[in-house]
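1. take this sequence and fold it.
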Amino acid sequence: MDLNTLSLSKDKDIIIPRALFATTQETFTTDIALLEQFYSKTQILKYLKTTKERVSNEVCALVAMRYNVPVFARFKQEPFGVKIR
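-> Prediction:
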């Protein structure tokens, strides 16, 4: 994929999940803050919940906790032992 052809407005479905794919507990606060400069909480949640990218359950749990929403997962295993609602 040519990064020069990406559009912040048209390619949210690609940019948001891929930015979070590589985040860790240590870098999450910085990484999510960068995304929040361009996208709303609603957009971040929407595209993270619907992506086919292999974003970890741990990252989904971090996003859910940041936005005070029920924890969700991309895969069956529960993140950090947190009960998925």
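
2. tally of neighbours for Leu48?
-> Using other CB atoms under 10 Å, Leu48 has 22 neighbouring residues. C-beta here means a position set from N, CA and C on the backbone, and glycine is covered the same way.

3. mind listing what it touches?
-> 16-17, 20, 55, 60, 63 (CB atoms under 8 Å, 6 or more residues apart in numbering).

4. right, and Arg18 touches Glu53 too?
-> Yes: at 6.2 Å, Arg18 and Glu53 qualify as touching, with contact defined as CB atoms under 8 Å.

5. not counting sequence-adjacent ones, nearest residue to Ile32?
-> In space, and not counting its chain neighbours, Ile32 is closest to Arg66: 6.3 Å by CB to CB, 6 or more residues apart in numbering.

6. ok, that neighbour - how many residues close by?
-> 16.

7. what of Phe21?
-> Using other CB under 10 Å, Phe21 is surrounded by 14 other residues.

8. helices - which of the contacts of Leu48 land there?
-> Among the contacts of Leu48, the ones falling in helices (DSSP state H) are 16-17, 20, 60, 63.

9. thinking again about what came up before, separation between the residue nearest to Ile32 and Tyr47?
-> Distance of Arg66 to Tyr47, computed by CB to CB, to the nearest Å: 15 Å.

10. any stretches of the protein with poor pLDDT?
-> 1-4, 76-85 (pLDDT under 70).

11. what about the helices in the protein?
-> Listed in chain order, the helices of the chain (DSSP H) span residues 12-21, 28-36, 41-50, 57-66.
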